[in-house]
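Trainee: Got a predicted structure here, sequence first:
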Amino acid sequence: MKEQVQGTQPGGAYSPGIIGEGRHLYVSGQGPVRDGETVLSTIEEETRITLGNLGKVLEAAGASYADVVRCGVFITDPDDFGAMNEIYKEFFPEPLPARTTVVTGLVGGIKVEIDCVAVLNRPA
């Protein structure tokens, strides 16, 4: 059983979020998009916008950053890791989610994309 969650407008053939088995929320990679437009800026601003979009999908599913158990972070420049990490820490309470950070190329010139898995606080 799966249930679609919106929160943001997808830029391709995917759902912003899917709830599986009633409790597990899988949030697709979010990027620095505001009002339907990609924002190309500093890693700090792109990370804030990206995490804000992640939060919109979490909220649409009845979840919060505190419910996130795992994140995948994709950045284009390894030198941006420290600045991204400082912004990232502002959004997630302790205990921090498990995380993998990968340096890769991203579509459209963005510097960061973040996905996550959250466990919803409701019965299965």
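Mentor: Nice, thanks for sending it over. Bear in mind that the values here come from a model prediction, so they are computed numbers and not experimental data.

Trainee: After the longest helix seen in the chain, which helix or strand is next?
Mentor: Ordering each helix of the chain by length in residues (DSSP state H) puts helix 43-60 first. Note on helix 43-60: by DSSP states H and E, the next helix or strand toward the C-terminus is strand 68-75.

Trainee: Give me the helices and strands touching whichever helix or strand comes after that next one, please.
Mentor: Next along the chain after strand 68-75, taking DSSP H and E as the criterion, comes helix 81-91. Contacts defined by 3 or more C-beta pairs under 8 Å, 6 or more residues apart in numbering; DSSP states H and E place helix 81-91 against helix 43-60, strand 68-75. All C-beta spots, glycine's among them, are computed from the backbone N, C-alpha and C.

Trainee: Export these to JSON lines and append columns for mean pLDDT and mean neighbour count.
Mentor: Output for the helices and strands packed on helix 81-91, formatted as JSON lines (pLDDT from 0 to 100; neighbours: other C-beta atoms under 10 Å):
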{"stretch": "helix 43-60", "mean pLDDT": "98", "mean neighbour count": "21"}
{"stretch": "strand 68-75", "mean pLDDT": "97", "mean neighbour count": "20"}
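
Trainee: Export the ones you listed to JSON lines and append columns for distance to Glu113.
Mentor: JSON lines is the format used below for the helices and strands packed on helix 81-91 (distance: least, C-beta to C-beta, whole Å):
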{"stretch": "helix 43-60", "distance to Glu113": "7"}
{"stretch": "strand 68-75", "distance to Glu113": "5"}
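
Trainee: what about the chain, any weak spots by pLDDT?
Mentor: Within the chain, the stretches with pLDDT under 70 are 123-124.
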